[in-house]
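Undergrad: coords below, sequence missing:
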């Protein structure tokens, strides 16, 4: 039921026993947490409760804001995952596309409801929505007590103190300034972590507002990244996920040349790391040196996230995307040839300016031919202040329908891929045990946290969360793999 409910939704739930419901909610939240979701009871009524389903921390890749937690701890504040009863709630927001803005505003309004009922005292809004609508938030949402821009995350402890003292606080520093990552704490389970290697973006795609929210590309010094990764590994991190708005351009601003290949080689030498995963590689930045590293370093999982957005040449040109459709086709063919077992993920936007029936059919044909294992499809959201918003584009409903068509095509491709895994023995990172399903669950190299699926597997012996195990895939169910611990599968066969 929850899977079919839109985030930001308020919905009723039968409730005869408040304490029992809270126990159920805590259990559900353990299962929702890996998907970045949280259930919150907003109001108890006779025989029922109103529940709110929301994303409490904005975009997963927005790691810089997450580091504010350590600054707050250092200032003596206690961090609670449950907003109910908190003195102050920080709502970290995304303002990239319309749906994300709507969701962020819904989250703020939900916290405002808690404030009106006296269950929280103050609200501080941070992140991209705060950066983008600096004056409007305080004006249109009077329940908000303070706002903090994307260039001011380091000031969060002072902002909290000012707001708790009764002041209306706002601060917006230079989004292009270099910012320290000192005091890194894990905002993920202890066995995996994100390593943000750069902030900002210089690509200026016509549909994208990120450069205005996050500033220009600023790579972090390599030595700082290695030091941070070594510390993470010593703390028990086994999977390191390398992210930035554009990882492939890492080092270009700092060293005058692309340094991702060198960085990855050095990361792979760190003891304790088992998997290194790379996200957000732009197709035109894939040098042969980088491809060789991706292919030959055993710790780098054979999974690449390369957002292409579309395949039509004219649309790519209008959107200020470098390269063309033929280049993308040749690149994917080359990557498949040089990296056996490669799983490719991309993101697509339907309804971009210039997309008619012919252009959309071209996109669908590309998907059917190249059979990418992982695809995220999004309807075009015209964002104010971008060039694409001033162009002619298809009706929003048509864009949504096309995104659904892409999802249908991709669903069949993913089913075929999952079927091809049956009979294989796959290395799995165990992420927990579900007593309701009487099964362990985890991820293979083909699954990135939050955005991809899981593999469910049985084991008679106890498997620790964060351990790597070999699992024999025996079936698929509802788009996910099902397996048995390999050593026990062999025993059963004997």
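TA: Alright, I've got the coordinates. Worth saying up front: this structure is predicted, and the values here are computed from it rather than measured.
Undergrad: Test my guess that residue 90 contacts residue 153.
TA: No - applying Cβ atoms under 8 Å as the test, residue 90 and residue 153 come out as separate, 10.5 Å apart. In this view, the C-beta of every residue, glycine as well, is placed from N, C-alpha and C.
Undergrad: So these two - more neighbours on which side?
TA: residue 90 (27 against 21; other Cβ atoms under 10 Å).
Undergrad: Just the element for that one, please.
TA: Under the criterion of DSSP states H and E, residue 90 resides in strand 88-93.
Undergrad: Which secondary structure elements does the helix or strand following that strand sit against?
TA: Using DSSP H and E, the helix or strand that follows strand 88-93 towards the C-terminus is helix 98-116. With contacts taken as 3 or more Cβ pairs under 8 Å, 6 or more residues apart in numbering; DSSP states H and E, helix 98-116 sits against strand 38-45, strand 48-54, strand 88-93, strand 122-127, helix 128-132.
Undergrad: from what I can see residue 28 touches residue 13, true?
TA: No - using Cβ under 8 Å, residue 28 makes no contact with residue 13, being 10.6 Å away.
Undergrad: any low-confidence regions in the stretch 1-150 of the chain?
TA: Along the stretch 1-150 of the chain, the parts satisfying pLDDT under 70 run over 1-11, 18, 26-27, 29-38, 40-46, 49-67, 81, 95-100.
Undergrad: picking that back up, show me whatever sits in contact with both of residue 90 and residue 153.
TA: Shared contacts of residue 90 and residue 153, defined by Cβ atoms under 8 Å, 6 or more residues apart in numbering, are found at 68, 126.
Undergrad: show me what contacts residue 197?
TA: Going by Cβ under 8 Å, 6+ apart, residue 197 touches 219-220, 225, 242-244, 247, 250, 260, 263.
Undergrad: among the residues you listed, who's most crowded?
TA: Ranking these using other Cβ under 10 Å puts residue 260 first, with 28 neighbours.
Undergrad: Could I get the contacting residues of that one?
TA: Taking Cβ under 8 Å, 6+ apart as the contact definition, residue 260 lies against 197, 247-248, 250-251, 278, 290.
Undergrad: Swap in 10 Å and give it another go.
TA: 197-198, 219, 242, 244, 246-252, 278, 281, 285-287, 289-290, 293-294 (Cβ atoms under 10 Å, 6 or more residues apart in numbering).
Undergrad: tell me the SS of residue 445?
TA: Three-state call for residue 445 (DSSP: H, G, I helix; E, B strand; the rest coil): coil.
Undergrad: Just to check, it is in contact with residue 303?
TA: Yes - using Cβ atoms under 10 Å, residue 445 is in contact with residue 303, at 5.6 Å.
Undergrad: Can you name the next helix or strand after the lengthiest helix in the chain?
TA: Assignment by DSSP state H gives helix 396-421 as the longest helix of the chain. Heading C-terminal from helix 396-421, the first helix or strand you meet, by DSSP H and E, is strand 425-434.
Undergrad: just checking, what packs against that following strand?
TA: Here strand 425-434 touches helix 18-32, strand 439-443, strand 455-458, strand 468-477, strand 480-485, helix 486-493, going by 3 or more Cβ pairs under 10 Å, 6 or more residues apart in numbering; DSSP states H and E.
Undergrad: run the last query once more with 7 Å
TA: strand 439-443, strand 468-477 (3 or more Cβ pairs under 7 Å, 6 or more residues apart in numbering; DSSP states H and E).
Undergrad: quick one on the thing from earlier: mind listing the strands the strand holding residue 90 pairs with, and their directions?
TA: According to DSSP bridges, strand 88-93 has the following sheet partners: strand 122-127 (parallel).
Undergrad: which parts of the helix or strand where residue 316 lies are buried?
TA: Element membership for residue 316, per DSSP H and E: helix 313-318. The neighbour-count check on helix 313-318 (16 or more other Cβ atoms under 10 Å) flags 313, 315-316, 318 as buried.
Undergrad: what's in contact with that helix?
TA: For helix 313-318, contacts defined as Cβ atoms under 7 Å, 6 or more residues apart in numbering pick out 206, 310, 323-325, 352-355, 359, 391.
Undergrad: Between the residues you listed, which sits nearest residue 19?
TA: Nearest to residue 19 out of these is residue 352 (Cβ to Cβ; 50.7 Å).
Undergrad: my guess is the closest one meets residue 310, correct?
TA: Yes - using Cβ atoms under 7 Å, residue 352 is in contact with residue 310, at 6.0 Å.
Undergrad: Going by how many neighbours each has, rank those two and give me the top one.
TA: residue 352 (27 against 24).
Undergrad: I'd like to know how far that one sits from residue 205.
TA: Distance check for residue 352 against residue 205: by Cβ to Cβ, to the nearest Å, it reads 10 Å.
Undergrad: So for the two, which residues contact both of them?
TA: Common neighbours of residue 352 and residue 205 (Cβ under 7 Å, 6+ apart) are residue 319.
Undergrad: residues in contact with the closest residue to residue 400 other than its chain neighbours?
TA: Leaving aside its chain neighbours, residue 400 sits nearest to residue 379 (4.5 Å; criterion: Cβ to Cβ, 6 or more residues apart in numbering). Counting by Cβ under 7 Å, 6+ apart, residue 379 touches 350-351, 396, 399-400, 403.
Undergrad: Lovely, talk soon.
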